[in-house]
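# need the 3D shape of this:
(one chain, ligands or ions: 2)
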Amino acid sequence: MVKVAIVGATGVVGTKMIEMFEQYGIKADELTLLSSARSAGKSLQVMGEELTVRELTEETPKQGFDYVVMSAGGSTSRQFAPLFEENGSIVIDNSSQWRMHEDIDLIVPEINAPKLGRKIIANPNCSTIQSVVALQPLKEQFGLKRVNYTTYQAVSGSGSGGLRDLEEGARGKAPTTYPHPIHDNVLPHIDVFLENGYTKEEQKMIDETRKILELPDLAVSATCVRVPVSNSHSVHMNVTLENDATEEEVRDAFRNIPHITLVDNPENNEYPTPLESTGRSEVFVGRVRRDDSLENTFHVWCTADNILKGAAQNSVQILKQIMERE
Ligand SMILES: NC(=O)C1=CN([C@@H]2O[C@H](COP(=O)(O)OP(=O)(O)OC[C@H]3O[C@@H](n4cnc5c(N)ncnc54)[C@H](OP(=O)(O)O)[C@@H]3O)[C@@H](O)[C@H]2O)C=CC1
Ligand SMILES: N[C@@H](CC(=O)OP(=O)(O)O)C(=O)O
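Numbering: from 1, shown residues only. Ligands and ions are numbered 1, 2, ... in the order given. Here you go, the predicted structure:
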């Protein structure tokens, strides 16, 4: 009897998580949907069945779940993930709370697998996931020396509040999630500002890239920007390789990888866009070109569905990876 719980089931990520369970054929004999008191009692359709959402309380972890997938924010994960772990559950956590802890695995299934030292497994930051998926073949074929990211992040990354600010902002309503209007605007500000002048989102991209790619000394920098796009993040990567390559060799590194789609025909106006990435499982790359201002350096443009590959899909892939191993 396999018991699975989804915490944050009513959120933007949680709702997609339910769809991903179906798509990835996750077999649960008992599925429990959890939220805060706000949504408890609500009904959600899961694989043709109506399930009632229940409130997550300190008693819930004692119910003996085998697997728990959490996407309910950092403070909920901080409080509850260890309680689930103590009660024997394997927890896949979508928040940034545990990612950089030394004994916590930070997993992108196309790149690495959990060692399961701890029963909490962290799902990386959304912009980082799509970026490392694109960087991995370059690392394998040419070696990586340096990466500079600039992101163009969709409002769905801020959950239902971000989507509301964009939609209602178009009708002149003041924002409640962002400090400035996002409609007709661009904000060089995602997550909180740190003492070093970077935002936490930028620092997450730097730290998590090094951890996932197992390159602790990789030179990485990032500027993260919120744009008035509903869904799918775009990342511009300026990548310096250890060994030089031609533009075509860099493009070839992306070809024939099932989870990467190369779209790079500028002569026909063909390149990845967030609109085309939405609803798709792969990471898209294109606009590959040499950066003549630095040795062995290339520009790569990358888009992906931040709620799918950046969150729900990656978490469910981790769950499947673990279930198939056990
Ligand atoms: N990998 C990544 O980069 C990403 C990670 N995330 C993570 O997932 C989280 C949720 O994102 P998203 O779905 O977009 O946000 P939403 O605001 O759309 O949804 C939040 C969900 O969390 C639930 N929740 C909030 N507080 C509690 C609580 N105390 N106990 C139980 N449930 C609670 C909400 O329940 P209710 O309906 O009752 O309010 C709701 O289901 C983020 O905060 C982030 O940590 C999100 C996007 C990308
Ligand atoms: N920060 C991401 C979403 C998110 O929740 O990220 P994290 O899990 O790293 O806090 C965005 O706003 O697009």
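# going by C-alpha atoms from here, please, whenever you check contacts or count neighbours.
OK.
# using PDB, write out every CA atom in stretch 144-162.
Presented in PDB, the C-alpha positions along stretch 144-162 are these (Å, rounded to 0.1, in the frame of the first residue of the first chain):
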ATOM      1  CA  LEU A 144      32.800  24.700 -18.500                       C
ATOM      2  CA  LYS A 145      34.900  27.600 -17.200                       C
ATOM      3  CA  ARG A 146      32.400  30.400 -16.600                       C
ATOM      4  CA  VAL A 147      28.700  31.200 -17.000                       C
ATOM      5  CA  ASN A 148      26.900  34.500 -16.800                       C
ATOM      6  CA  TYR A 149      23.100  34.300 -16.600                       C
ATOM      7  CA  THR A 150      20.500  37.000 -17.400                       C
ATOM      8  CA  THR A 151      17.000  35.800 -16.800                       C
ATOM      9  CA  TYR A 152      13.600  36.900 -18.100                       C
ATOM     10  CA  GLN A 153      11.200  35.200 -15.600                       C
ATOM     11  CA  ALA A 154       7.500  34.800 -16.000                       C
ATOM     12  CA  VAL A 155       5.000  35.900 -13.300                       C
ATOM     13  CA  SER A 156       3.800  32.300 -12.800                       C
ATOM     14  CA  GLY A 157       7.000  31.800 -10.800                       C
ATOM     15  CA  SER A 158       5.400  34.000  -8.100                       C
ATOM     16  CA  GLY A 159       2.300  31.700  -8.000                       C
ATOM     17  CA  SER A 160      -1.200  32.900  -8.200                       C
ATOM     18  CA  GLY A 161      -0.200  36.300  -6.700                       C
ATOM     19  CA  GLY A 162       2.100  37.000  -9.700                       C
END
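# list the buried ones in that stretch?
Residues of stretch 144-162 classed as buried: 144-158, 161-162 (neighbour count, 16 or more other C-alpha atoms under 10 Å).
# among the residues you listed, which are in strands?
Judged by DSSP state E, the buried residues of stretch 144-162 include Leu144, Lys145, Arg146, Val147, Asn148, Tyr149, Thr150, Thr151, Tyr152 as members of strands.
# the residue in the stretch 1-150 of the chain that ligand 2 sits nearest to: neighbour count?
Going by C-alpha to the nearest ligand atom, ligand 2 is nearest to Asn125 of the stretch 1-150 of the chain, at 3.8 Å. By other C-alpha atoms under 10 Å, the residues close to Asn125 number 22.
# can you give me the strands for the stretch 101-250 of the chain?
105-106, 120-122, 144-152, 219-223, 233-241 (DSSP state E, counting those that start in this stretch).
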